[in-house]
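1. Structural data only, the sequence is not supplied:
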DNA sequence: GGAAAGTGTGTACGTTCGTACACAGATTAC
DNA sequence: GTAATCTGTGTACGAACGTACACACTTTCC
């Protein structure tokens, strides 16, 4: 066949590099994330990173995009499974309190993403899309106004939970979500 | 007099360096904050940073501590000035919506602090103190439960506001805060 | 005056970084 | 087989980094 039809030796390598990047970011922070650390984590040679990605920024951009994608799907699925408003409130409470949807590692990564987004337009766009998708998921159950408030609540409570390193009072969360849902129709 | 009583040439230099550090962090992010950039911003020689601070981490730690301190004071003052519950709700709304208390620059810095705190124990403690002081300020007006919820709301909505780069609906915020204050007594 | 001691700076060193790139290996076309 | 072409890697280089430190300056003490 004319020209090109070569097969990559390791077709999943690119994804493995991105996964490794997230591990490094979560463990060391963006400020200490380097090509070499990612390469070591992924078990690939250094040159492989520059072969697959244009720059370190490009790796971070795609890694964060991947993170946002997978988390949006889980959030969407959790809310889509709720049959009614009460179940949706419970689902939101689970999102906030549980670690089934966002592990501690992912929470760490989200802060890194927010911080990095302030200095990188592409990641800022990724963050906005993540927020928009969360909002859309909430809108299937809650009013526009309630969705906005609950969205903020999820964000803020997740931060506090990560900081205080202790379990949230589930009843308090559920009461708050329910209060917002009922008052902001 | 015996031993030591030398006077520093520039007694405010240490503080100026910390202020410069915050400017650099806000402008470039922690991941691109260096001794040299801070020195340039502060208008002091490079050696001056290593003379006043043990390491770059130490500079960041003290800069973030300074940030938390000054913001806590403003938050506390805003809430202390409120004569009753309704005024407190309005004050919280101002905190979330206005930029009198937290400028856009400071919002950026707070994300940087949260992200960095995940990798630095001292800054993590600074963050916890900031959260504790915010909570204490809220507690002068709101119940324990309402304070927790409102605290999370402030945090989350500030993030969304910074992302969407548009003014929040003040009525929505006030309604939400009031709903929480009334329902979570 | 001179010695002592603390304050502050310029420079230089060793390390680590991002990235370029020559080249090796594999596959295809003939 | 050989040539061509694409995939992938090891190495090396210039730049930027954190930090140490010799030394200059200023003040204090006698």
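-> Okay, I see it. Keep in mind that this is a model prediction, so the values were computed, not measured.
2. Please enumerate the helices of chain A.
-> Per DSSP state H, chain A carries helices over the ranges A:13-28, A:35-42, A:46-52, A:56-80, A:85-97, A:104-117, A:121-139, A:144-164, A:170-183.
3. so can I have TSV of those showing mean pLDDT?
-> Formatted as TSV, the helices of chain A follow (pLDDT from 0 to 100):
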stretch	mean pLDDT
helix A:13-28	97
helix A:35-42	98
helix A:46-52	96
helix A:56-80	96
helix A:85-97	96
helix A:104-117	94
helix A:121-139	96
helix A:144-164	92
helix A:170-183	97
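4. Residue B:63: which of those is closest?
-> In terms of Cβ to Cβ, the element of those nearest to residue B:63 is helix A:104-117, at 14.8 Å. The C-beta positions use only the backbone N, C-alpha and C, and glycine is treated the same way.
5. For chain A, give the residue positioned nearest to chain B.
-> The minimum distance from chain A to chain B, using Cβ to the nearest Cβ, falls at residue A:156 (3.0 Å).
6. Report the contact partners of the residue nearest the centre of chain A.
-> Nearest residue to the geometric centre of chain A (Cα atoms, centre = their mean): residue A:68, 3.9 Å. Shown in contact with residue A:68 (Cβ atoms under 8 Å, 6 or more residues apart in numbering or on different chains): A:113, A:126, A:127, A:129, A:130.
7. and which of those residues is nearest to residue A:14?
-> Closest to residue A:14, out of all of the contacts of residue A:68 and judged by Cβ to Cβ, is residue A:126, at 17.5 Å.
8. Can you name the residues that contact the residue of chain A closest to chain B?
-> When contacts are counted by Cβ under 8 Å, 6+ apart, residue A:156 touches B:151, B:152, B:153, B:154, B:155, B:156, B:157, B:159.
9. how about those residues in TSV, adding distance to DNA strand C?
-> TSV is the format used below for the contacts of residue A:156 (distance: Cβ to the nearest atom of the strand, whole Å):
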residue	distance to DNA strand C
B:151	36
B:152	35
B:153	37
B:154	35
B:155	31
B:156	32
B:157	34
B:159	27
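10. Turn those residues into a markdown table, columns for distance to residue A:119.
-> A markdown table is the format used below for the contacts of residue A:156 (distance: Cβ to Cβ, whole Å):
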| residue | distance to residue A:119 |
| --- | --- |
| B:151 | 27 |
| B:152 | 26 |
| B:153 | 26 |
| B:154 | 24 |
| B:155 | 21 |
| B:156 | 21 |
| B:157 | 22 |
| B:159 | 16 |
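11. Which residues in stretch A:27-35 does the neighbour count mark as buried?
-> By 16 or more other Cβ atoms under 10 Å in any protein chain shown, the buried positions in stretch A:27-35 come out as A:28, A:29, A:30, A:31, A:33, A:35.
12. And for stretch A:55-75?
-> For stretch A:55-75, burial by neighbour count (16+ other Cβ under 10 Å) applies to A:56, A:59-68, A:71-72, A:75.
13. again, but for stretch A:161-177
-> Using 16+ other Cβ under 10 Å as the test for burial, stretch A:161-177 gives A:161, A:162, A:163, A:168, A:172, A:173, A:174, A:175, A:176, A:177.
14. before we move on, what about stretch A:114-126?
-> Within stretch A:114-126, the residues that qualify as buried are A:114, A:115, A:116, A:117, A:118, A:119, A:120, A:122, A:123, A:124, A:126, counting by 16+ other Cβ under 10 Å.
15. That stretch near DNA strand D at all?
-> No - figure legend: stretch A:114-126 not in contact with DNA strand D (Cβ under 7 Å from any atom of the strand); closest approach 14.1 Å.
16. Is any residue of that stretch near chain B?
-> Yes - using Cβ under 8 Å from any Cβ of the partner chain, stretch A:114-126 reaches chain B at A:114, A:115, A:116, A:117, A:118, A:119, A:124.
17. Stretch A:89-97 too?
-> No - Stretch A:89-97 lies out of reach of chain B by Cβ under 8 Å from any Cβ, never closer than 8.6 Å.
18. How about stretch A:46-65?
-> No - judged by Cβ under 8 Å from any Cβ, stretch A:46-65 makes no contact with chain B; its nearest approach is 9.4 Å.
19. Pull up the distance across that stretch, start to finish.
-> Criterion Cα to Cα, to the nearest Å; first-to-last residue distance in stretch A:46-65 is 22 Å.
20. And the contacts of that stretch?
-> Contacts for stretch A:46-65 (Cβ under 8 Å, 6+ apart): A:13-14, A:17-18, A:21-22, A:25, A:30, A:33-36, A:38-39, A:42, A:109, A:113, A:116-117, A:120, A:122-123, A:126-127.
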